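Visitor: What follows is a predicted structure for the sequence shown.
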Amino acid sequence: MTVSIAPAAIAGMAAAILLSTGTAARAQEDGNFLVLGLGASLEPVFSGSEEMEVVPEPIIEARYGRFFIGELGLGVDIFASDGPTEFTVGTAIGLGAGRDEGDDPAFRGLGDLDESIELALFAEAEWGLEWTRSSSATDGCSAP
């Protein structure tokens with residue numbers, strides 16, 4: 001596998017991380033939020049390729065009730081449970097990347113593939129320890 005990353009690409013990824021974390025705005029109390037940012041990813045030129053490239057990507061994530069937009073596309077949670085273990089099942093629709101015949105010699109004669117609509121069905125579980133904190137303080141004074 002060959003990976004060549006120019007110093008400018010590394011600096012760009014670091015700047016993208018700073019931008020994405022610096023522009024996040026969330027309102028978590030009711031579960032609704034909006035995140036806007038700019039990022040970069042290191043990924044194969046095409047699925048299965050050993051050649052890697054740095055790709056700039058906008059970061060857009062939002063949630064309103066059970067509806068969301070994010071990495072999977074536009075989606076909805078069909079079922080969600082609360083509690084110590086959170087379990088969610090949902091569906092989403094997104095855009096799949098295409099492929100150019102000229103991307104790699106292995107594609108010669110296969111033709112180009114256009115972008116496509118992708119449908120997703122997902123299930124996720126989240127669990128963890130609940131941390132509690134208690135403390136007591138005194139001002140060092142006592143009444144006679």
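Guide: Structure's in. What do you need? The shown structure was predicted, so the numbers you read here are calculated from the model rather than taken from an experiment.
Visitor: Look up which residues are beta-bridged to Asp77.
Guide: Gly90 (DSSP bridges).
Visitor: Contacts only, for it.
Guide: By CB atoms under 8 Å, 6 or more residues apart in numbering, the contact set of Asp77 is Arg66, Phe67, Phe68, Thr88, Val89, Gly90. (Each C-beta comes from the backbone N, C-alpha and C, glycine too.)
Visitor: State the distance from it to Leu34.
Guide: Remark: distance between Asp77 and Leu34 (CB to CB, to the nearest Å) = 17 Å.
Visitor: and if you look at Val76?
Guide: For Val76 relative to Leu34 (CB to CB), the value is 17 Å.
Visitor: now do Asp100
Guide: Counting by CB to CB - Asp100 and Leu34 are separated by 34 Å.
Visitor: same thing with Glu50?
Guide: Computed with CB to CB, the distance linking Glu50 and Leu34 is 37 Å.
Visitor: Could you check which of those two is surrounded by more residues?
Guide: Taking neighbours as other CB atoms under 10 Å, Glu50 and Leu34 compare with Leu34 leading, 14 against 10.
Visitor: My guess is the more buried one contacts Tyr64. True?
Guide: No. Using CB atoms under 8 Å, Leu34 makes no contact with Tyr64, being 9.0 Å away.
Visitor: Can you tell me the element the nearest residue to Pro44 once chain neighbours are set aside falls in?
Guide: Excluding its sequence neighbours, the residue lying closest to Pro44 (CB to CB, 6 or more residues apart in numbering) is Met52, at 6.0 Å. For Met52, the enclosing helix or strand under DSSP states H and E is strand 52-64.
Visitor: buried residues in that strand?
Guide: The neighbour-count check on strand 52-64 (16 or more other CB atoms under 10 Å) flags Met52, Val54, Ile59, Arg63 as buried.
Visitor: That concludes my questions; thank you for your assistance.
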